[in-house]
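Colleague: Structure for the following, please:
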Amino acid sequence: MGHARLAVELLTGTSPLRCRQIAEYLKEQNTLRQQCGQKIFKEACQQIVSQGLNHPDRRSIVLAGENWHQGVLGIVAARIVDRFYRPAIVVNLADGRQGVPQGSGRSIPGFCLLSAIRACSDHLVAFGGHTMAAGLTLDAGKVDAFTEDFEAYACHNLKEEDVACKLCIDAVSSLSRFTPDLVRQVQMLGPFGQGNPRPVFATRGVRWISPPRRVGVKEDHLQIAVSDNTAAIRCVGFNMGRLEKRLLEVDSFNIAYQAQLNTYNGNTTVEFVLQDVQFE
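Modeller: This next block holds a predicted model:
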């Protein structure tokens, strides 16, 4: 939403007053960023549905909107990929550099976004990036032509099974095995990132021991405690609030999760960040 120099000044500054002022300003900017991103994401999802871009035969999603803030397009594209599991490019039609459309894209594993954009470069002024993320500036009036060529490239390089969302499970385990010491050992495998993803575990046949409930400002997150008769562990599921009613209706279910440590009032406990919930 602004310039990175303020963050650098915050981390390197020596004046407590100045650093506090910067921190408060950046906090306000982060709130604005979240609100802006949520607004654009909502508009993008409505556009996807109305244009049929979520059809099973589609292999990519390219969206364009007026006055979509350039600073959050990459975040919105990433959220679209998470929801629809297609390579996605989000373009701002107004207020771009030199008055031309600018966009940001994110990809899925196995599809080189930079190669796809390069194949459509006749419609572009400039572009750059890597396999999973890229930015581009388009010729004015060529957004539709770029969209068609990008979709054609995606159809040629992606099969139906490639755009089926997958979750790789590293191990199936009972809950009792997740002690704080074990989680610390798992954390030593880091740093985690694109080439070294954080391990994902699964447990079958768990039941909730405290009713699931929605949490967060918009109640879009899920909080629940589960047990498999060997142990009980608290879980949080980001953007999973919609599962609350379904969970209340079932006796047992399967969960996929990442394990982390939560320290509160001097006590450290294991907590799961849910990646998926499977109903039997």
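
Colleague: And stretch 208-219, what's buried?
Modeller: 208, 212, 214-215 (16 or more other Cβ atoms under 10 Å). Every C-beta, even on glycine, is put in place using the N, C-alpha and C of the backbone.

Colleague: any chance of those residues in CSV, plus distance to Gly135, pLDDT and secondary structure?
Modeller: Output for the buried residues of stretch 208-219, formatted as CSV (distance: Cβ to Cβ, whole Å; pLDDT from 0 to 100; DSSP: H, G, I helix; E, B strand; the rest coil):
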residue, distance to Gly135, pLDDT, secondary structure
Trp208, 43, 97, strand
Pro212, 39, 96, strand
Arg214, 35, 96, strand
Val215, 34, 95, strand
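
Colleague: does Asn30 belong to a helix or a strand, and which?
Modeller: Assigned by DSSP states H and E, Asn30 belongs to helix 16-50.

Colleague: roughly how far out does the next helix or strand after that helix sit from the chain middle?
Modeller: For helix 16-50, the succeeding helix or strand toward the C-terminus, using DSSP H and E, is strand 61-65. Remark: strand 61-65 is offset 17 Å from the chain centroid, using Cα atoms, centre = their mean, to the nearest Å.

Colleague: And strand 61-65, what does it pack against?
Modeller: helix 16-50, helix 73-84, strand 88-92, helix 143-157 (3 or more Cβ pairs under 8 Å, 6 or more residues apart in numbering; DSSP states H and E).

Colleague: so that strand versus helix 143-157, what angle?
Modeller: Interaxial angle, strand 61-65 versus helix 143-157 (axes from the mean of the first three to the mean of the last three Cα atoms, to 10 degrees): 170 degrees.

Colleague: where in the stretch 51-200 of the chain is pLDDT low?
Modeller: 94-98 (pLDDT under 70).

Colleague: Would you reformat the buried residues of stretch 208-219 as CSV and include distance to Ile48?
Modeller: Below are the buried residues of stretch 208-219 laid out as CSV (distance: Cβ to Cβ, whole Å):
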residue, distance to Ile48
Trp208, 33
Pro212, 28
Arg214, 25
Val215, 27
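
Colleague: List just the nearest of the residues you listed to Lys39.
Modeller: Of all those, Arg214 has the smallest distance to Lys39: 21.1 Å, by Cβ to Cβ.

Colleague: List the residues that contact the closest one.
Modeller: Contacts for Arg214 were tallied using Cβ atoms under 8 Å, 6 or more residues apart in numbering; they are 220-223, 241, 244.
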